[in-house]
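A.B. asks: Have a look at this prediction, sequence included:
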Amino acid sequence: MSVLIVNLCKEKMHELEFVQPVFELVQKAKKDVAVRSVFRLKKSDLEADQIILCGTSLADFDYLKHHFPWLLQYRGDVLGICAGAQVLAKLYGARLYPSQEIGKISVQLQEDLFFLPKEFFVYSLHTLAFNCPAGFHVVGTSSSAIQIFKKEEEIDGRKRMILGTLFHPEVLNKELIEGFLERI
């Protein structure tokens, strides 16, 4: 089984903080993994079983200039982390708005998600939040923003999941990424 990690970082140095930890978790799960810059994606990259859209730094908004229509055609599971969740939210029609959260914050779940408790702390680093995209539902919130949204649908006899997290589970809550990877 294969995982494509999409690097949304404009600056190479930021990959160490936002992409490398996700890469290491995928390797630890013994999945075939490829990392591609959003600026250099090829059609053949999209044959992966799962895609993870990584976050990027607070001052990097170049990823928002790109269009991601290929994600609408993709039939596997997708996890969007921070900027990746913003990409998913925008792609599915949600509005992005200014909302800054930096550091450790509390999130409350409205439903079970992998092995996470009903209330837990996350590492947050963002200046944009979103309303819930059409066809998705809110899974978790903080006191000021939606932190997790999800959509599940049946495709080819399999339940496909699209999951967005505004926080960074590669910093705290690695079990969220591990649970996502266990789906295949």
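C.D. replies: That came in fine, so what should we check first?

A.B. asks: any idea which helix or strand comes after the helix or strand of the chain with the lowest mean pLDDT?
C.D. replies: Between all helices and strands in the chain, the lowest mean by mean pLDDT, DSSP states H and E belongs to helix 69-73, at a mean of 86. Moving toward the C-terminus from helix 69-73, the next helix or strand (DSSP states H and E) is strand 77-81.

A.B. asks: And the nearest residue to Glu47 once chain neighbours are set aside, how close does it get to Gln27?
C.D. replies: Counting by Cβ to Cβ, 6 or more residues apart in numbering, Glu47 lies nearest to Ser2, which is 7.5 Å off, once chain neighbours are set aside. Any C-beta I mention is one placed from the backbone N, CA and C, and that applies to glycine too. Using Cβ to Cβ, to the nearest Å, one gets 12 Å for the distance from Ser2 to Gln27.

A.B. asks: Isn't Leu181 up against Phe23?
C.D. replies: No. Counting by Cβ atoms under 8 Å, Leu181 stays clear of Phe23, with 12.0 Å between them.

A.B. asks: Taking the centroid of the protein, which residue is nearest it?
C.D. replies: Gly80 (1.5 Å; Cα atoms, centre = their mean).

A.B. asks: Can you name the residues that contact the residue nearest to Pro169 when sequence neighbours are not counted?
C.D. replies: Excluding the flanking residues, the one nearest Pro169 by Cβ to Cβ, 6+ apart is Leu176, at 4.1 Å. Neighbouring residues of Leu176 by Cβ atoms under 8 Å, 6 or more residues apart in numbering: 113-114, 116, 165, 169.

A.B. asks: Most neighbours among the residues you listed, which one is it?
C.D. replies: Thr165 (30 neighbours; other Cβ atoms under 10 Å).

A.B. asks: quick one: which of the contacts of Leu176 is nearest to Leu58?
C.D. replies: Thr165 (16.5 Å; Cβ to Cβ).

A.B. asks: Against Lys104, how distant is Phe68?
C.D. replies: On the measure of Cβ to Cβ, Phe68 and Lys104 end up 30 Å apart.

A.B. asks: and the contacts of Leu176 as a markdown table, adding pLDDT and distance to Asp49?
C.D. replies: Compiled in a markdown table, the contacts of Leu176 are given as follows (pLDDT from 0 to 100; distance: Cβ to Cβ, whole Å):
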| residue | pLDDT | distance to Asp49 |
| --- | --- | --- |
| Leu113 | 89 | 20 |
| Phe114 | 87 | 18 |
| Leu116 | 90 | 23 |
| Thr165 | 97 | 19 |
| Pro169 | 96 | 19 |
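
A.B. asks: just those residues now: which is nearest Tyr123?
C.D. replies: Using Cβ to Cβ, the contacts of Leu176 come closest to Tyr123 at Pro169, 8.3 Å.
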